[in-house]
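Trainee: Prediction below, plus the sequence it came from.
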Amino acid sequence: MKSFHSIGLVLAVALAAAAQLPKKQSRHIQPFRVEEKTIVQIHAALASRQVTCRGLVEAYLARITAYDQKGPSINAVLLLNPDAVKTADELDVRLKSGGAMRPLECIPVIVKDNYETKGLRTTAGSQSLASFIPTRDAFVVAKIRDAGAIVLFKSNMAEFAFTPLETVGSMLPGYTFNPYALNHTTAGSSGGTAAAVAANFGAVGLGTDTGNSIRGPSSHQSLVGMRSTMGLVSRMGVVPLNFLADIAGPMTRTVEDAAVVLHVIAGLDPADPITLTSEGHIPPSYLPFLKKDALKGIRLGVLHAAYDRPTADDEVIRVFKNALNELKAAGAQIVDPAVVDGLPQRPQNPLPCRGFKYDLEHYLAEASAPVKTLDEIIKGGMFHPTIRQRLERAQTNDSAGDDSPGCQANREYRKKFGDAVLAAMTRLKLDAFVYPTWSNPPAIIGDVRTNLAGDNSQVFSPTTGFPAITVPMGFTRNGTLPAGLTMFGRPWDEGRLFAFAFAYEQATHHRKPPPTTPPLK
């Protein structure tokens, strides 16, 4: 397949090698270990018959059994797909009969529980939606299934995606724990996906990001997370938080895997008209961008406005400064500081524009959910007590549609903000901005004061709609707590951001798997 030429090349090599392997020797192939395996590695193992789809799924399920509710009890798995093994068997038959290897063939995917999954309960982490079993897939879920993926399980999330700080809701008792340090937070709201991908409970994951929720959890769990340009990926069938800023996207252990997943899920969807803007901006593949020398000669601006605050942790800043040196060593020119002039002030008392109540109620009606209004949810009381105030505040807030004066003012504000960012990039001849994804390490669970500090993702990418990717840049606290590096670029520049992140990843290899979920014996 042209779009995935490099994957096809790897598979061709693997098949050729398998064909040359003596039959007697083939019976002694080492068992396939799923830990830290990439899509390309899994496909090569499938092609060489080192593993079957069923064997792959069973290996991940064994890790879930050992580490999610037992052992460290990560508490990331909200609902296993009861058809996962059956689907794997069907895919094995397909491959044995000579079916072509699709981009996500047999890849077990972790899906955040705000994505609709046909026949599989979807709750957005809330008991108020516990009886909602969709009759359709979200656009993104349909895309990954068409590409051969297996939905392995629905992951826990911050209820209704409200908080970027931690992962707790009413569908599971207790928190989802950070597998790098079990008494620390995962960030939110896609913390369940992040913890599960980091702990190797599945191959890759899907999250959503309104202000932080892909990039923050990815940073906290030493992952790659991409918030793409607004309009590149459909949100149809995703329970909304704020439709003006919601994004669906990949959370993976490597840049290459993120590039493969994003290409699969990107595309035009009439049910989400903003995706019509992506026409002409999706390349045949993101994989050709992935070159180890991609940082040579590029200019990266240090965006102090995104992270430089009195509460920033000294260790995180030291790790970030070391990352800047690593970028230089890989050939990048660092512009420090990179100042964005002329940023507009956010209105103090903005006129209403959409809002959680507006977006949620439109979604509930369109999705034929068992509840129809926010008032029903509040009166039902089937939610975690920590979100009651947020729900009640949303119920009393005024709402307005896209053609309202408030939404017009919001669009003007976002346009001015984006224009100022692009003007700075042009003036400074920048290829991208860089900054720490969080200025502080993952907080101790329950430490509300510290937990509030450090989220650097809420402003620049969500306000402009421009893409940002986070990639592991090291660890703090004696090598125990992950930290992430954000690269923020121009609209539709996902390919180049993948290139820069890949070159940095390959030069540093900062990711290491968490100590609490080692390979099974």
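Mentor: Happy to help now that I have it. Predicted, not measured: the structure shown is a model, and the values here were computed from it.
Trainee: L343 contacts R414, correct?
Mentor: No: counting by CB atoms under 8 Å, L343 does not reach R414; the two are 11.5 Å apart. Heads up, the C-betas are built off the backbone N, CA and C, glycines and all.
Trainee: now do the same end-to-end measure for stretch 434-445.
Mentor: For stretch 434-445, the separation between the terminal residues is 28 Å (CA to CA, to the nearest Å).
Trainee: what about the helices in the stretch 401-521 of the chain?
Mentor: Under the criterion DSSP state H, counting those that start in this stretch, the stretch 401-521 of the chain contains helices at 405-427, 448-451, 460-464, 494-508.
Trainee: got TSV for those helices, with distance to G169, mean pLDDT and mean neighbour count too?
Mentor: Written out in TSV, the entries for those read as follows (distance: least, CB to CB, whole Å; pLDDT from 0 to 100; neighbours: other CB atoms under 10 Å):
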stretch	distance to G169	mean pLDDT	mean neighbour count
helix 405-427	29	97	16
helix 448-451	17	63	14
helix 460-464	22	98	23
helix 494-508	30	99	24
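Trainee: For R388, which of those helices is the nearest?
Mentor: helix 448-451 (16.6 Å; CB to CB).
Trainee: secondary structure class for L206?
Mentor: For L206, the assignment made with DSSP: H, G, I helix; E, B strand; the rest coil gives strand.
Trainee: cool, the one 5 residues further on as well?
Mentor: Secondary structure, three-state DSSP: G211 is coil.
Trainee: how about the closest residue to it other than its chain neighbours, what does it touch?
Mentor: When the adjacent residues along the chain are set aside, G211 lies closest to Q458, with 4.1 Å between them (CB to CB, 6 or more residues apart in numbering). Residues near Q458 by CB atoms under 8 Å, 6 or more residues apart in numbering: 164, 211-212.
Trainee: who wins for neighbours among those residues?
Mentor: N212 (27 neighbours; other CB atoms under 10 Å).
Trainee: give the contact list for that one.
Mentor: N212 makes contact with 164, 187-188, 455, 457-458, according to CB under 8 Å, 6+ apart.
Trainee: from those, which is closest to P352?
Mentor: Lowest distance from P352 to these (CB to CB) belongs to Q458, with 20.1 Å.
Trainee: roughly how far apart are the closest one and G216?
Mentor: Using CB to CB, to the nearest Å, we find Q458 at a distance of 9 Å from G216.
Trainee: Which residues are in contact with each of these two?
Mentor: Taking CB under 8 Å, 6+ apart as the criterion, Q458 and G216 both touch P164.
Trainee: Name the residues that touch the host helix or strand of Y363?
Mentor: Secondary structure assigned from DSSP states H and E places Y363 in helix 356-366. Residues from elsewhere that reach helix 356-366, judged by CB under 8 Å, 6+ apart: 160, 239-243, 369, 371-374, 394-395, 397, 399-401.
Trainee: hmm, back to that, for G249, find the nearest of the helices of the stretch 401-521 of the chain.
Mentor: With CB to CB as the criterion, G249 lies closest to helix 494-508 of the helices of the stretch 401-521 of the chain, at 9.9 Å.
Trainee: just checking, what packs against the closest one?
Mentor: With contacts defined as 3 or more CB pairs under 8 Å, 6 or more residues apart in numbering; DSSP states H and E, helix 494-508 has these neighbours: strand 224-227, helix 255-265, helix 314-329, strand 432-436, strand 468-476, strand 481-488.
Trainee: In JSON lines, list those along with mean pLDDT and distance to D113.
Mentor: Shown next, in JSON lines, are the helices and strands packed on helix 494-508 (pLDDT from 0 to 100; distance: least, CB to CB, whole Å):
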{"stretch": "strand 224-227", "mean pLDDT": "98", "distance to D113": "17"}
{"stretch": "helix 255-265", "mean pLDDT": "99", "distance to D113": "17"}
{"stretch": "helix 314-329", "mean pLDDT": "98", "distance to D113": "30"}
{"stretch": "strand 432-436", "mean pLDDT": "99", "distance to D113": "29"}
{"stretch": "strand 468-476", "mean pLDDT": "99", "distance to D113": "22"}
{"stretch": "strand 481-488", "mean pLDDT": "98", "distance to D113": "23"}
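Trainee: With mean neighbour count and distance to K70 as extra columns, can I get those in CSV?
Mentor: Output for the helices and strands packed on helix 494-508, formatted as CSV (neighbours: other CB atoms under 10 Å; distance: least, CB to CB, whole Å):
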stretch, mean neighbour count, distance to K70
strand 224-227, 32, 28
helix 255-265, 25, 27
helix 314-329, 16, 32
strand 432-436, 26, 34
strand 468-476, 26, 26
strand 481-488, 28, 24
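Trainee: Now do the phi/psi pair for the nearest residue to K429 once chain neighbours are set aside.
Mentor: Nearest non-adjacent residue to K429, counting by CB to CB, 6+ apart: R299, 5.5 Å away. Reported as degrees, to the nearest 10, the phi and psi values for R299 are phi -110, psi 120.
Trainee: hmm, back to that, so for the helix holding Y363, what's the average pLDDT?
Mentor: Confidence over helix 356-366, taken as the mean pLDDT, stands at 97.
Trainee: then stretch 419-427 to CSV, C-alphas only?
Mentor: What follows is stretch 419-427 as a C-alpha-only set of coordinates in CSV (Å, rounded to 0.1, in the frame of the first residue of the first chain):
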residue,chain,number,x,y,z
ASP,A,419,-2.1,35.5,13.6
ALA,A,420,0.2,36.7,16.4
VAL,A,421,1.8,33.3,16.7
LEU,A,422,2.3,33.0,12.9
ALA,A,423,3.8,36.5,12.8
ALA,A,424,6.3,35.6,15.4
MET,A,425,7.3,32.4,13.6
THR,A,426,7.8,34.4,10.4
ARG,A,427,9.7,37.2,12.1
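Trainee: now that stretch, how far from the chain's geometric center?
Mentor: 27 Å (CA atoms, centre = their mean, to the nearest Å).
Trainee: swap in stretch 111-121?
Mentor: Centroid separation between stretch 111-121 and its chain, computed with CA atoms, centre = their mean, is 16 Å.
Trainee: quick one: buried residues of stretch 126-133?
Mentor: In terms of neighbour count (16 or more other CB atoms under 10 Å), stretch 126-133 has its buried residues at 126-129, 132.
Trainee: And for stretch 169-181?
Mentor: Going by neighbour count (16+ other CB under 10 Å), the buried part of stretch 169-181 is 169-172, 175-181.
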